[in-house]
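Undergrad: no sequence on hand, only this structure:
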């Protein structure tokens, strides 16, 4: 685990009250499944291009675009195919975190797909709220919804994600971040987003949350 320590003489401690998770690439192993679904519609996309596609907001990306029919087919097939087999080995960590923190999911995927997936696992009741594509297409706005509805300050939250764009959006609203390297983006790309911590193994998550604190100088 790589932890970025704050610099400054006068430090103010904030209690961490909420952990916000990205879904695809953090909780659910969907990268290959998504490429396979697109290939069924004769959209053969190289892995690098698909990773580049997730470097920005996928709904505003200039890297790739999809027709309405392709989008409809993708979500229908995604909903059909996703199963407990796509769960990364992170179940125990999430259950443990839920005992001390409010947990949320912010995702570009659709809420009904995430709901279906979670209820196939043991972690459905761990999350207070799921904010997906139907809530808003901007994760910045979804952060703001959580702050307002649950009376949380950005300093009281940690965001766990696997993509560069998510790190950038969390920074816009002042939320600390843990980057995970088992998802859509690897270590070198994630470093560009200056995460507060970076982990490479599921077993490091609890330790990263316990050690990471939000400070102000």
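TA: Looks like it came in fine. Predicted, not measured: the structure shown is a model, and the values here were computed from it.

Undergrad: going by C-alpha atoms from here, please, whenever you check contacts or count neighbours.
TA: OK.

Undergrad: what about residue 97, which SS state?
TA: Per DSSP: H, G, I helix; E, B strand; the rest coil, the local secondary structure of residue 97 is helix.

Undergrad: hang on, residue 170 in a helix?
TA: Yes - looking at residue 170 with three-state DSSP, it is inside a helix.

Undergrad: that one contacts residue 176, correct?
TA: Yes - at 7.1 Å, residue 170 counts as touching residue 176 under the criterion of C-alpha atoms under 8 Å.

Undergrad: what is in contact with these two at once?
TA: Counting by C-alpha atoms under 8 Å, 6 or more residues apart in numbering, the common neighbours of residue 170 and residue 176 are residue 159.

Undergrad: in the chain, which spans are helices?
TA: Counting by DSSP state H, one finds helices in the chain at the ranges 31-40, 47-53, 68-81, 91-98, 111-118, 139-149, 164-173, 187-191, 205-211.

Undergrad: just name the most buried of these.
TA: Between the helices of the chain, helix 164-173 has the highest mean count of neighbours, a mean of 20, where neighbours are mean count of other C-alpha atoms under 10 Å.

Undergrad: which residues does it contact?
TA: With C-alpha under 8 Å, 6+ apart as the contact definition, helix 164-173 has outside contacts at 54-57, 139-140, 143-144, 154, 159, 161, 176-177, 179, 185, 189-190, 192-195.

Undergrad: change it to 7 Å
TA: Outside helix 164-173, the residues within contact range by C-alpha atoms under 7 Å, 6 or more residues apart in numbering are 55, 56, 57, 139, 140, 154, 177, 189, 190, 193, 195.

Undergrad: kindly reformat those residues as CSV containing distance to residue 69 and pLDDT.
TA: As requested, the contacts of helix 164-173 are exported to CSV (distance: C-alpha to C-alpha, whole Å; pLDDT from 0 to 100):
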residue, distance to residue 69, pLDDT
55, 24, 88
56, 22, 81
57, 20, 84
139, 25, 95
140, 28, 96
154, 38, 96
177, 35, 96
189, 31, 96
190, 32, 97
193, 33, 96
195, 36, 96
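
Undergrad: would you format the residues you listed as CSV with distance to residue 28 included?
TA: Formatted as CSV, the contacts of helix 164-173 follow (distance: C-alpha to C-alpha, whole Å):
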residue, distance to residue 28
55, 18
56, 19
57, 19
139, 18
140, 21
154, 25
177, 18
189, 20
190, 18
193, 22
195, 21
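
Undergrad: so residue 113 makes contact with residue 79?
TA: Yes - assessed by C-alpha atoms under 7 Å, residue 113 is found in contact with residue 79 at 5.3 Å.

Undergrad: count the neighbours of residue 100 for me.
TA: 12 (other C-alpha atoms under 10 Å).

Undergrad: how far away is it from residue 209?
TA: Distance, residue 100 to residue 209, by C-alpha to C-alpha, to the nearest Å: 11 Å.

Undergrad: got the domain ranges for this protein?
TA: 2-29+87-216, 31-81 (automatic domain parsing).

Undergrad: residue 96: which of the contacts of helix 164-173 is nearest?
TA: Residue 96 lies nearest to residue 177 out of the contacts of helix 164-173, by C-alpha to C-alpha, at 18.8 Å.

Undergrad: bridging residues for the closest residue to that closest one other than its chain neighbours?
TA: Excluding the flanking residues, the one nearest residue 177 by C-alpha to C-alpha, 6 or more residues apart in numbering is residue 159, at 4.7 Å. Note on residue 159: beta-bridge partners by DSSP bridges are residue 20, residue 177.
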